[in-house]
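> Using only what follows, build the 3D model:
(2 chains)
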Amino acid sequence: MSEKIYQAVPPTPGTEPYWDAAKEGKLLLRYCKDDGQPHYYPRQICPYTFSTNLEWREAKGTGEIYTYSIMNAAKPPYVIAYVTLDEGVSMMTNIVDCDPSTVKVGQRVKVVFKDMDNGGKLPCFTPA
Amino acid sequence: MSLKGKAYIVGAWEHPTRKAPDISLMQLHAECAKGALEDAGLSVKDVDGYFCAAGDTPGLGGMSMAEYMGLRLRHYDSTDSGGSSYNLHVGHALQAVATGRCNVALITLAGRPRSEGMATGTAPRMGNPQQADLQFEFPYGPATANMYAMAARRHMHEFGTTSEQLAWVKVAASHHAQYNPHAMLPKVVTVEDVVNSPLVADPLHRLDCCVISDGGGALVVTKPEIAKSLKRPLVKVIGTGEANKIQGGGRNLDLTYSAGRDSGKAAFEMAGVKPGDIKYASIYDSFTITVVMQLEDLGFCEKGQGGKFVSDGNLISGVGKLPFNTDGGGLCSNHPGNRGGMTKVIEAVRQARGEAHPKVQVKDPSIVLAHGTGGSLGTRHVGSTVILERE
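Sure, this is the predicted structure:
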């Protein structure tokens, strides 16, 4: 079976570094330099401190599944999930390259990058 | 200054249609408005405040709708909080009436997703790409069903909630729907029927999901002097609350509670009543998990105990402690325009008036509640709570 090509949404001004890094196999997180903590999804203003003093840092790319659902109504079914990264923030994602029936809450996962229809790469996760 | 009791719901009308290919969206809104005004005994010329949700009203906010109906307004509000908009509009109408911004407030909802063939729950919805979260969510296929399913999964994980417990919500709704001649799904179902129906978004089954329907409804809210001059039973607005819930930036994600925790607290404080005083509750039922979570958040049971609370018919009128959605709700009757808040308020008004179907009418329904959640339990949403008292 051919690999799924994910439908992209164009970046908004300021998010290009995230998507450019994804093309190189890197997951970036947006950090607030005022409180030293990351947030997700990445903004140009920190939703915790309202600071604009921000920077990008590369994430380890590992975490655990907070929750998930197998979208049985889709053909083929896919697994949507929230993964809590080891850096402490949670992100919506897909769990891929595994049997959906084996996915569990709390399972350790690592990032993999999948093709999007705009030539970009989408961070997904697979069992670690 | 407390606004408790400063306005009454004097008109409430639900469109009987569930599929309306030959009725335009604006006609649906207007028919609902006409029905609610006739119910109240008021004329369209009395309306000086109009409330609608921008998202289900064609044109810019409510401007075109107001023109279609010939409304001349001095108060106008097209706040859209998804399916909870109309609960929220009751609160806004109360504020407007109590402060003299309008005398007669009309609230309308209409929609025809069924006629338009919309894949309401199972297809991700694209929005304006300037909505910055879309690029980080849409590619992963977030549909309404799997977003609520993720909330259900986490609730099961943390509290041991089971599919069978969720199924009881649908079972109770179906017991009520059998008496509603307009209900899309009037057949009584069992827990086994629900858990054996096909999985739509694991762990949610087909029968855990609300119906997709056309239709609409309308409400008329007015000040005490006008309400008391009309011939309808007096249903007073004694508590309203609204609140949003956000992921907030990804730290401490918690999908096990809803905005109802805050909107309910505000409404109960304003009304000066407790969950135990509520004789009937309309609870937004986009999915069975929505009901379980909101019941906890509104304080009808402890957090995590919602599954046990809804089991064994506890939500069935005449059987359980908290009769809910006695019209069959979104799970069995209708979910007009994919927005269930309006019909939640309408059935609460029917109950407070003593005008629900005799088979489901609650005895002495002195204080009733209608709660809505608009948006998604899996991402961001707005909750709105309304508490009504029969005078």
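> Tell me the pLDDT of A:Met1.
Listed pLDDT for A:Met1 reads 52.
> Ok, B:Pro336 next?
B:Pro336 carries a pLDDT value of 96.
> residues contacting the closest residue to it other than its chain neighbours?
Leaving aside its sequence neighbours, B:Pro336 sits nearest to B:Gly215 (C-beta to C-beta, 6 or more residues apart in numbering or on different chains; 3.5 Å). All C-beta spots, glycine's among them, are computed from the backbone N, C-alpha and C. Listed by C-beta atoms under 8 Å, 6 or more residues apart in numbering or on different chains, the contact set of B:Gly215 reads B:Glu14, B:His15, B:Pro16, B:Thr17, B:Arg18, B:Ala20, B:Leu28, B:Ala110, B:Gly111, B:Asn334, B:Pro336, B:Gly337.
> what about 10 Å?
Contact partners of B:Gly215, counting by C-beta atoms under 10 Å, 6 or more residues apart in numbering or on different chains, are B:14-20, B:23, B:28, B:32, B:109-114, B:182, B:184, B:333-337, B:342-343.
> Quick check on the residues you listed: which are buried?
B:14-15, B:17-18, B:20, B:23, B:28, B:32, B:109-114, B:182, B:184, B:333-337, B:342-343 (16 or more other C-beta atoms under 10 Å in any protein chain shown).
> How about the closest residue in space to B:Val362 that isn't next to it in sequence: which residues does it bridge to?
Of all residues beyond its chain neighbours, the one nearest B:Val362 is B:Tyr280 (4.6 Å), with distances taken as C-beta to C-beta, 6+ apart. Judged by DSSP bridges, the bridge partners of B:Tyr280 are B:Val368.
> Now do B:Tyr280: how many residues are near it, please.
Using other C-beta atoms under 10 Å in any protein chain shown, B:Tyr280 has 26 other residues around it.
> right, and it touches B:Ile387 too?
No: using C-beta atoms under 10 Å, B:Tyr280 is not in contact with B:Ile387; the gap is 11.1 Å.
> shared neighbours, those two?
B:Ala348, B:Ile367, B:Val368, B:Leu369, B:Ala370.
> Off-centre distance for the helix or strand where the last one lies?
Per DSSP states H and E: B:Ala370 is located in strand B:367-375. The gap between where strand B:367-375 is centred and where its chain is centred comes out at 5 Å by C-alpha atoms, centre = their mean, to the nearest Å.
> just checking, next helix/strand downstream of that strand?
strand B:381-390.
> Chain A: helices as residue ranges?
Secondary structure of chain A (DSSP state H): helices at A:16-23.
> any low-confidence regions in it?
Along chain A, segments meeting pLDDT under 70 span A:1.
> do you know how far the residue nearest in space to the middle of chain B is from B:Ala53?
Computing the C-alpha centroid of chain B and ranking residues by C-alpha atoms, centre = their mean puts B:Gly341 first, at 2.0 Å. Distance of B:Gly341 to B:Ala53, computed by C-beta to C-beta, to the nearest Å: 9 Å.
> Mind listing the shared neighbours of those two?
Residues touching both B:Gly341 and B:Ala53 (C-beta under 10 Å, 6+ apart): B:Ser81, B:Gly82, B:Gly83, B:Ser84, B:Ser85, B:Tyr86, B:Leu88, B:His89, B:Leu109, B:Gly374.
> Which ones among these lie within strands?
Mapping the shared contacts of B:Gly341 and B:Ala53 onto strands (DSSP state E) picks out B:Leu109, B:Gly374.
> B:Trp168 looks like it's in a helix, true?
Yes: applying DSSP: H, G, I helix; E, B strand; the rest coil, one finds B:Trp168 inside a helix.
> which residues of the stretch 201-350 of chain B fall in helices?
Counting by DSSP state H, counting those that start in this stretch, one finds helices in the stretch 201-350 of chain B at the ranges B:224-229, B:260-271, B:288-297, B:306-310, B:329-332, B:341-353.
> packing partners for the fifth one?
Applying 3 or more C-beta pairs under 10 Å, 6 or more residues apart in numbering or on different chains; DSSP states H and E, we find helix B:329-332 packed against helix B:163-177, strand B:280-283, helix B:288-297, helix B:341-353.
> Any chance of those in JSON lines with mean pLDDT as columns?
Converted to JSON lines, these look like this (pLDDT from 0 to 100):
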{"stretch": "helix B:163-177", "mean pLDDT": "98"}
{"stretch": "strand B:280-283", "mean pLDDT": "98"}
{"stretch": "helix B:288-297", "mean pLDDT": "98"}
{"stretch": "helix B:341-353", "mean pLDDT": "98"}
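> Between the ones you listed, which one is closest to B:Gln305.
Closest to B:Gln305 of the helices and strands packed on helix B:329-332, according to C-beta to C-beta: helix B:288-297, at 6.8 Å.
> Does that closest one reach chain A?
No: Helix B:288-297 stays clear of chain A (C-beta under 10 Å from any C-beta of the partner chain), getting no nearer than 11.1 Å.
> Now do the strands in chain A.
In chain A, the segments counted as strands under DSSP E are A:28-32, A:38-39, A:54-58, A:62-70, A:79-85, A:90-95, A:108-115, A:121-127.
> okay if I get those as CSV plus mean neighbour count and distance to B:Cys210?
Formatted as CSV, the strands of chain A follow (neighbours: other C-beta atoms under 10 Å in any protein chain shown; distance: least, C-beta to C-beta, whole Å):
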stretch, mean neighbour count, distance to B:Cys210
strand A:28-32, 22, 36
strand A:38-39, 24, 33
strand A:54-58, 13, 41
strand A:62-70, 23, 17
strand A:79-85, 25, 20
strand A:90-95, 24, 23
strand A:108-115, 18, 32
strand A:121-127, 21, 30
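> Need those in CSV (columns: distance to B:Ala119).
As requested, the strands of chain A are exported to CSV (distance: least, C-beta to C-beta, whole Å):
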stretch, distance to B:Ala119
strand A:28-32, 33
strand A:38-39, 32
strand A:54-58, 37
strand A:62-70, 17
strand A:79-85, 16
strand A:90-95, 19
strand A:108-115, 23
strand A:121-127, 22
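> Export those strands to JSON lines and append columns for distance to chain B.
Converted to JSON lines, these look like this (distance: least, C-beta to the nearest C-beta, whole Å):
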{"stretch": "strand A:28-32", "distance to chain B": "9"}
{"stretch": "strand A:38-39", "distance to chain B": "4"}
{"stretch": "strand A:54-58", "distance to chain B": "12"}
{"stretch": "strand A:62-70", "distance to chain B": "4"}
{"stretch": "strand A:79-85", "distance to chain B": "5"}
{"stretch": "strand A:90-95", "distance to chain B": "4"}
{"stretch": "strand A:108-115", "distance to chain B": "9"}
{"stretch": "strand A:121-127", "distance to chain B": "5"}
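> so B:His29 makes contact with B:Pro58?
Yes: B:His29 lies in contact with B:Pro58 (C-beta under 10 Å); the separation is 8.7 Å.
> so what sits against both of these two?
Going by C-beta under 10 Å, 6+ apart, residues that sit against B:His29 and also against B:Pro58 are B:Ser64, B:Met65, B:Tyr68, B:Ala110.
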